[in-house]
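Colleague: Give me coordinates for this.
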Amino acid sequence: MDKILEDYKAYYNARMKRFEGNPMYKNSYASEKAIYEAIAGCKELSEFKDRLGNLNIKNAVALIKDQAKARKENFLKMKEVIRAKCPIEILANINEDPDNINDVIEFVNEVNQKNIVDISIDGFTDIFYDNFKLLEDLQVYEEADVPSKWKSTRQQSIERDESAVKKSYKMNEDSARQWKEGWTFVYEPIGEHRHRRKIPLPSESIKKRIEQTKKIREG
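Modeller: So this is what the prediction gives:
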């Protein structure tokens, strides 16, 4: 047997073996096995091109699917539903038998880019927790029993911090609109796991801070 053909067979056998028995790479293993069987059946290296056909393209698709499936399962397990959108869309819409792998790469890149925007927009929800120090200070000022001569100072502190809260949300929305036109802050995502886990406070406390924030922003 031709030494180069031997080397090719050993190479594709090694590629197949790296995925063998790995439940995360079932598609890749099947694809690598098909390529190995194509080369293994060759008596001359010149036969390989015709036997290979489009298996290399299918091999790339198989790896993309396996990686997307693993990411989807991991993100859903972590309740990262925004991040999970990307692999879910890839798995739902990928062309499994393309003529050109570049079309698949372009599709995957577009989905990834769209998801990056979604993740960035979702991250603007963090402004709520970022303002907790101001909200706590405002609560202290409002509930403090102070002598008459200090009431004007207290009111100035309240107005200063309320202004800071309003300004922070205005800047937050302006920044977000660079990613998504017309975006406005909404409170619903705060209670979703990916945001809720960042706030080490009882749900009742969070509810009060939401109402406090709404009152400031609407005032």
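Colleague: show me where pLDDT drops low in this structure?
Modeller: Applying pLDDT under 70 to the chain flags the ranges 1.
Colleague: Leaving out the residues flanking it, which one is nearest to the residue nearest the centre of the chain?
Modeller: Taking Cα atoms, centre = their mean as the criterion, Arg83 is the residue nearest the geometric centre of the chain, at 2.6 Å. Closest residue to Arg83 apart from its sequence neighbours, by Cβ to Cβ, 6 or more residues apart in numbering: Phe75 at 4.6 Å. Using the backbone N, CA and C atoms, a C-beta is placed for each residue, glycine as well.
Colleague: Sort out which residues of stretch 7-16 are buried, please.
Modeller: 8-9, 12, 15-16 (16 or more other Cβ atoms under 10 Å).
Colleague: and the residue nearest to the centre of the chain, what are its phi and psi?
Modeller: phi -60, psi -30 (degrees, to the nearest 10).
Colleague: isn't it right up against Asn112?
Modeller: No. Taking contacts as Cβ atoms under 8 Å, Arg83 lies outside contact range of Asn112: 10.9 Å.
Colleague: coming back round to it: does the residue nearest to Arg83 belong to a helix or a strand, and which?
Modeller: helix 55-77 (DSSP states H and E).
Colleague: what does stretch 101-114 rub up against?
Modeller: 56-57, 60-61, 64, 86, 89-90, 93-95, 98 (Cβ atoms under 8 Å, 6 or more residues apart in numbering).
Colleague: of all those, which comes closest to Glu142?
Modeller: Each of the contacts of stretch 101-114 was scored against Glu142 by Cβ to Cβ, and Cys86 proved nearest at 43.9 Å.
Colleague: for the closest one, what are its contacts?
Modeller: 68, 71, 111-112, 114-115.
Colleague: The nearest residue to it once chain neighbours are set aside is in what secondary structure piece?
Modeller: If you skip the residues right next to it in sequence, Cys86 has Asn115 as its closest partner in space, 3.7 Å away by Cβ to Cβ, 6+ apart. Element membership of Asn115 [criterion: DSSP H and E] is helix 101-123.
Colleague: Next secondary structure after the longest helix along the chain?
Modeller: As assigned by DSSP state H, the longest helix anywhere in the chain is helix 148-176. The C-terminal neighbour of helix 148-176 among helices and strands, as given by DSSP H and E, is helix 193-196.
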